[in-house]
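Q: Model the following, please.
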Amino acid sequence: MTGGAGFIGRWIVASLLARGDEVVVIDDLSNGSMANLAEFRADPHLHVVRGDVADPKAVVDAFAGGADLAIHLAAVIEVQKSLVDPARSVDVNVGGTANVLEACRAGDVRATFVSTCMVYDMASARGSISESHPVKPVSPYAATKLAAEHLTLAYGHAYGLPVSVVRPFNTYGPFQKANQEGGVVAVFVRRALRKEPLEVFGDGTQTRDFLYVDDCVDLILRACESKAALGEVLNGGSGRDIAVNDLARLVGGPDGEVVHVSHPHPQSEIQKLRADARKAAKLLGWRPSVSLEDGLARLRRWMAP
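A: Next comes the predicted model:
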C-alpha cells in the first residue's frame with residue numbers, strides 16, 4: 001500500500017491487519033506520520049518502507065517481496081501546495097502512479113487507485129454527481145489525480161491489468177490532520193473544542209458531501225476485492241451535501257462563533273459536491289452507514305483533550 005501512514009491509509013492498514021493480512025506500506029512521511037501507525041508497531045504482519053513513490057527504485061523495492069493487491073493512496077493532496085509547486089504534484093501524483101502501475105504490471109498485481117471528487121465539474125443546484133458527470137479539474141491537484149485515473153484505466157485496457165478507481169468525496173474522521181492538509185471537519189472540531197471562532201472560507205455557501213472514514217475504507221476494500229469493480233470508476237459519498245456555513249453551525253453549536261475569511265484559492269473552489277453513489281451500491285452492495293451527526297460525535301470524542 002502506498003501512503004499507508006496517512007489518514008485514510010492508517011485505517012486501511014488497521015482493517016487489513018485485523019483480518020491477518022501481510023501489509024507493506026511505502027510512505028515518504030511528507031503528509032503521513034509514523035504516529036498514525038504506532039499502535040501496530042509490534043505487529044509482525046506490518047512492514048513500513050520509507051520511500052517516495054516518485055522514485056521508481058523505492059517502489060520496486062517495496063514490491064520486492066511480492067504482493068497480491070496494491071492500494072495506491074500516496075499523493076500531494078493539498079490544493080494550495082499544488083498551486084505553489086505544480087511540478088511536484090505531477091511528479092508524485094502522475095509519475096508516482098506510473099511507477100506503482102509498472103510494479104503491478106511486473107508482478108501481475110491487482111491495483112486500486114484512490115482518486116478524489118475534486119476531478120468533477122460543478123453540479124447544478126439540485127443535482128448530484130454520478131461517475132458519468134463531466135470532469136473539469138480546477139487545480140493542478142485535481143488535474144494530476146484525473147491524469148492518474150486515466151493512466152490506471154489505460155493499464156487495464158492495454159495490459160489486462162486488474163484495476164479499479166475509487167473517488168471518495170470529503171472523507172473525515174479520527175487521525176485526520178486539523179489543517180489545510182486535512183479537512184474542514186477536523187479543523188472545525190478542533191477549533192470548537194478550543195472555543196475558537198470557526199473560520200469559513202469565502203461566503204460559506206459551497207456544499208460538501210462528507211463521508212466517514214470507516215465507510216470510505218469499506219468502499220476501497222470492496223473495490224479491491226470484487227470482480228464487479230474491475231475496470232470501473234466508483235464514487236463514495238453519503239448522497240447528502242451540506243453548506244460549509246451550516247456545517248460550522250452544526251459543529252460550533254448555538255454558542256459557537258463563525259467568521260468568514262478570504263479564500264486562499266477561490267479559483268479552485270467547487271461550489272457544489274453531492275455524490276451519487278448508486279453504482280457502488282449496485283456493483284458492490286456498498287452503502288455508507290455513519291451519518292454526519294454520528295461521525296461528528298465520534299470525531300469530537302477522539303479529539304477531546
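
Q: Now do the strands in the stretch 201-305 of the chain.
A: 207-208, 210-212, 233-236, 242-243, 258-261 (DSSP state E, counting those that start in this stretch).

Q: need these in TSV with distance to residue 25, can you?
A: (C-beta placed from N, C-alpha, C; glycine too.) Compiled in TSV, the strands of the stretch 201-305 of the chain are given as follows (distance: least, CB to CB, whole Å):
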stretch	distance to residue 25
strand 207-208	28
strand 210-212	22
strand 233-236	22
strand 242-243	33
strand 258-261	36
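
Q: Select, out of the ones you listed, the one closest to residue 273.
A: Among the strands of the stretch 201-305 of the chain, strand 207-208 comes nearest to residue 273, with 5.3 Å by CB to CB.

Q: Can you get me the start-to-end distance on stretch 47-64?
A: From its first residue to its last, stretch 47-64 covers 12 Å (CA to CA, to the nearest Å).

Q: for the record, mean pLDDT for that stretch?
A: Per-region confidence: stretch 47-64 scores 97 on mean pLDDT.

Q: same question, stretch 175-190
A: Here the average pLDDT along stretch 175-190 is 89.

Q: Same question for stretch 143-160.
A: 98.

Q: in it, what's buried?
A: Under the neighbour-count criterion of 16 or more other CB atoms under 10 Å, stretch 143-160 has 143, 144, 145, 146, 147, 148, 149, 151, 152, 153, 155, 156 buried.

Q: Of the residues you listed, just say which sits nearest to residue 111.
A: residue 152 (6.6 Å).

Q: now, which of the buried residues of stretch 143-160 sits nearest residue 53?
A: Using CB to CB, the buried residues of stretch 143-160 come closest to residue 53 at residue 148, 10.7 Å.

Q: hang on, that closest one is in a helix, isn't it?
A: Yes. Checked against DSSP: H, G, I helix; E, B strand; the rest coil, residue 148 lies within a helix.

Q: Strands of the stretch 1-150 of the chain, residue ranges please.
A: Along the stretch 1-150 of the chain, counting by DSSP E, counting those that start in this stretch, strands occupy 23-27, 46-50, 69-72, 110-114.

Q: Tell me the pLDDT of the residue sitting furthest away from the middle of the chain.
A: Within the chain, residue 255 marks the point farthest from the mean C-alpha position, 31.8 Å out by CA atoms, centre = their mean. Predicted confidence (pLDDT) for residue 255: 90.

Q: tell me the phi and psi of it?
A: Dihedral pair for residue 255: phi -100, psi 0, per degrees, to the nearest 10.

Q: Tell me how far it lies from residue 198.
A: According to CB to CB, to the nearest Å, residue 255 and residue 198 sit 12 Å apart.

Q: Tell me, how many residues neighbour the nearest residue to residue 199 once chain neighbours are set aside?
A: Nearest non-adjacent residue to residue 199, counting by CB to CB, 6 or more residues apart in numbering: residue 261, 4.8 Å away. By other CB atoms under 10 Å, 10 other residues sit near residue 261.

Q: which stretch among the strands of the stretch 1-150 of the chain comes nearest residue 12?
A: Evaluated with CB to CB, these place strand 69-72 nearest to residue 12, the distance being 6.2 Å.

Q: What mean pLDDT does that closest one get?
A: Mean per-residue pLDDT for strand 69-72: 98.

Q: helices and strands around that strand, which ones?
A: helix 96-107, strand 110-114, helix 213-225 (3 or more CB pairs under 8 Å, 6 or more residues apart in numbering; DSSP states H and E).

Q: Now do that strand: distance to the chain's middle.
A: Counting by CA atoms, centre = their mean, to the nearest Å, strand 69-72 is centred 14 Å from the centre of its parent chain.

Q: Stretch 198-213 too?
A: On CA atoms, centre = their mean, the centre of stretch 198-213 falls 16 Å from the chain's centre.

Q: can you check stretch 197-217 too?
A: Centroid separation for stretch 197-217 versus its chain: 13 Å, with CA atoms, centre = their mean.

Q: What are the buried residues along it?
A: 198-202, 204, 206-217.

Q: Could you work out the end-to-end span of it for me?
A: 31 Å.

Q: what's stretch 42-51 in contact with?
A: Here stretch 42-51 makes contact (CB atoms under 8 Å, 6 or more residues apart in numbering) with 4-5, 13, 17, 20-29, 34, 37, 40, 58-59, 61-62, 65.

Q: Show the buried residues in those.
A: Buried, going by 16+ other CB under 10 Å: 4-5, 13, 17, 23-28, 37, 40, 58-59, 62, out of the contacts of stretch 42-51.

Q: How much space separates residue 215 from residue 69?
A: In terms of CB to CB, residue 215 sits 20 Å off from residue 69.
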